[in-house]
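J.: how does the following fold in three dimensions:
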Amino acid sequence: MILSSPLVGASRLLIPLALLAALTSLVFPVFQTETNIQILVWTHVPLLTLFLLIVATAILQWQNYRGSAGADLMVGVLAHGGVGLLIWMLDGRAGEASGGFWGLLIACWLLAWVFVDRLASRDFENHNVQKLINIVIPVIFGAWLLIVWECMTRGLGVPRILLPPPSEIGVRFSDSTSILWADFKQTFLHAVLIGYAMGCGSGFAVAILADRVPFLRRGLLPIGNVVSALPIIGVAPIMVMWFGFDWHSKAAVVVIMTFFPMLVNTMTGLDCAGRMQRDLMQTYGASRWQTLFKLRLPEALPFIFNALKINSTLALIGAIVAEFFGTPTVGMGFRISTEVGRLNVDMVWAEIAVAALAGSLFYALVAFLEKVFTFWHPSIRG
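T.: Take a look at the predicted model:
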């Protein structure tokens, strides 16, 4: 069951703007090689149909202030079907898009905004449906970034050496899966994961030790601040000289980048347990280790997972940058630096897509584990 909400806020403003944008397709030509008269005599029946549908849908939504699920769904289908039609019409017309095309694109984008706004304003009684909607909304947002990117690069005729369209990057991605997999395995599965485990694990262990030894606590934190400020481009060549050109040197860079964030966060988290809680544990006769494992470490878990999430992105960045300074003929950083020199920008973007996808999934995994192990924390319960 859907709990409906009135059509207020952004939707009330976006609908007339979508109408205004659609009307520009009658004032300006859709493509530079054609005139308005050609459109009015049904040379472009699909575009004229799209214009009429945008107008009808916008008027319907504007008049129906309380909205309905069916009307909202129609807006979403029209917005995404319409922009698909516009992209299809760009075939063979690179750089020819004119004011009418951009007007229809903006109208579709605004109607998609209305659709997402209406989705976000509805409350679904079914918890699973609500979870699905919470996933659909950012997916639509991300898809429209790619859609606008596609239309801008093809409609304006942007040179591919500067910025290729996503469709071309997708073709290169599908044609180069074996190369991308080899690079992913070299950089992520070897350098990133091994370096991440070693850096975070050693940082956690040293934090536990420093908690018992005041000398280490006072000596390591200033050093950590200094090491955290070291530039990767200065550390990476040294690690390559020490550990060779294979993934070991990149893992060493990742260890340096992830060690001190874990150390600082763990030490801060261990101090979060209140004095009253510690006194209560002593009253129960708990030993130092029992207090550590049953009170202080659970209290420190949010800080530890915060370091794990930060390091999940730092590790990937460090490994890729380190590969710029010496690596075998495989790896994400090697491929990016090499293909830029060859002006194969679509391959560079394919590698960037792999890195972004791997980093996002890695971060999502850590965030999921955080919810599993810190379910009791107010931020997770909320």
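
J.: hey, let's count contacts and neighbours off CA atoms from now on
T.: OK.

J.: helices or strands up against the helix or strand containing Glu150?
T.: Remark: Glu150 resides in helix 127-155, with elements defined by DSSP states H and E. Judged by 3 or more Cα pairs under 8 Å, 6 or more residues apart in numbering; DSSP states H and E, helix 127-155 is in contact with helix 69-89, helix 99-121, helix 166-175.

J.: just those: most buried one?
T.: Mean neighbours per residue, mean count of other Cα atoms under 10 Å, is largest over the helices and strands packed on helix 127-155 for helix 99-121, with a mean of 23.

J.: show me the contact partners of that one.
T.: Helix 99-121 is contacted from outside by 5, 7, 10-11, 14-15, 17-31, 51, 54, 58, 72-73, 75-76, 78-80, 82-83, 86, 133-134, 137, 140, 144, using Cα atoms under 8 Å, 6 or more residues apart in numbering.

J.: so for the helix or strand just after that helix, mean pLDDT?
T.: With elements assigned by DSSP H and E, the helix or strand that comes after helix 99-121 is strand 123-124. On average, the pLDDT along strand 123-124 is 74.

J.: ok, how many other residues are close to Pro222?
T.: Residues near Pro222, counting by other Cα atoms under 10 Å, number 11.

J.: can you pull out the low-pLDDT segments for the stretch 151-300 of the chain?
T.: For the stretch 151-300 of the chain, the stretches with pLDDT under 70 are 274-287, 290.

J.: on that earlier part again, show me which of the contacts of helix 99-121 are buried.
T.: The neighbour count (16 or more other Cα atoms under 10 Å) marks 7, 11, 14-15, 17-26, 28-31, 51, 54, 58, 72, 75-76, 78-80, 82-83, 86, 133, 137, 140, 144 as buried among the contacts of helix 99-121.

J.: thinking again about what came up before, redo the helices and strands packed on helix 127-155 as TSV? Include distance to Phe324.
T.: Listed next are those as TSV, based on distance: least, Cα to Cα, whole Å:
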stretch	distance to Phe324
helix 69-89	37
helix 99-121	39
helix 166-175	22
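
J.: so what are the domain limits for this structure?
T.: Per the record, the chain has its domains at 2-158, 172-381, by automatic domain parsing.

J.: tabulate these (CSV), appending distance to Pro166.
T.: Shown next, in CSV, are these (distance: least, Cα to Cα, whole Å):
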stretch, distance to Pro166
domain 2-158, 6
domain 172-381, 9
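
J.: Pro165 is nearest to which of these?
T.: Closest to Pro165 of the domains of the chain, according to Cα to Cα: domain 2-158, at 5.0 Å.

J.: pull the contacting residues for Pro328.
T.: 245-246, 334.

J.: ok, back up a step: roughly how far out does the helix holding Glu150 sit from the chain middle?
T.: How far helix 127-155 lies from its chain's middle: 12 Å, per Cα atoms, centre = their mean, to the nearest Å.

J.: just checking, what packs against the host helix or strand of Leu369?
T.: Here Leu369, judged by DSSP H and E, is contained in helix 345-373. Other helices and strands packing on helix 345-373, by 3+ Cα pairs under 8 Å, 6+ apart, are helix 166-175, helix 177-184, helix 297-322, helix 332-341.

J.: pLDDT wise, what is the residue nearest to Trp144 when sequence neighbours are not counted at?
T.: Residue nearest to Trp144 in three dimensions, not counting chain neighbours: Trp109, with 7.8 Å by Cα to Cα, 6 or more residues apart in numbering. pLDDT, Trp109: 90.

J.: how close does Trp109 get to Leu14?
T.: Separation of Trp109 from Leu14 (Cα to Cα, to the nearest Å) stands at 10 Å.

J.: cool, and Ser25?
T.: 18 Å.

J.: next: Val254.
T.: Distance, Val254 to Leu14, using Cα to Cα: 46 Å.

J.: next: Ala22.
T.: Distance of Ala22 to Leu14, computed by Cα to Cα: 12 Å.

J.: also Pro222?
T.: Pro222 is 53 Å from Leu14, where distance means Cα to Cα.

J.: neighbours around Phe293, how many?
T.: Using other Cα under 10 Å, Phe293 has 11 other residues around it.

J.: how about it, secondary structure?
T.: helix (DSSP: H, G, I helix; E, B strand; the rest coil).

J.: what about the stretch 1-150 of the chain, any weak spots by pLDDT?
T.: Scanning the stretch 1-150 of the chain for pLDDT under 70 picks out 1-12, 33-71.

J.: mind running it again at 80?
T.: 1-16, 18-75, 78, 92, 94, 121-127, 130 (pLDDT under 80).

J.: for stretch 326-334, buried residues please.
T.: Residues of stretch 326-334 classed as buried by neighbour count (16+ other Cα under 10 Å): 326-327, 330-334.

J.: skip the chain neighbours and tell me the closest residue to Phe269.
T.: No, residue 269 isn't Phe; it's Gly. Per Cα to Cα, 6+ apart, closest to Gly269 is Ala300, 3.9 Å.
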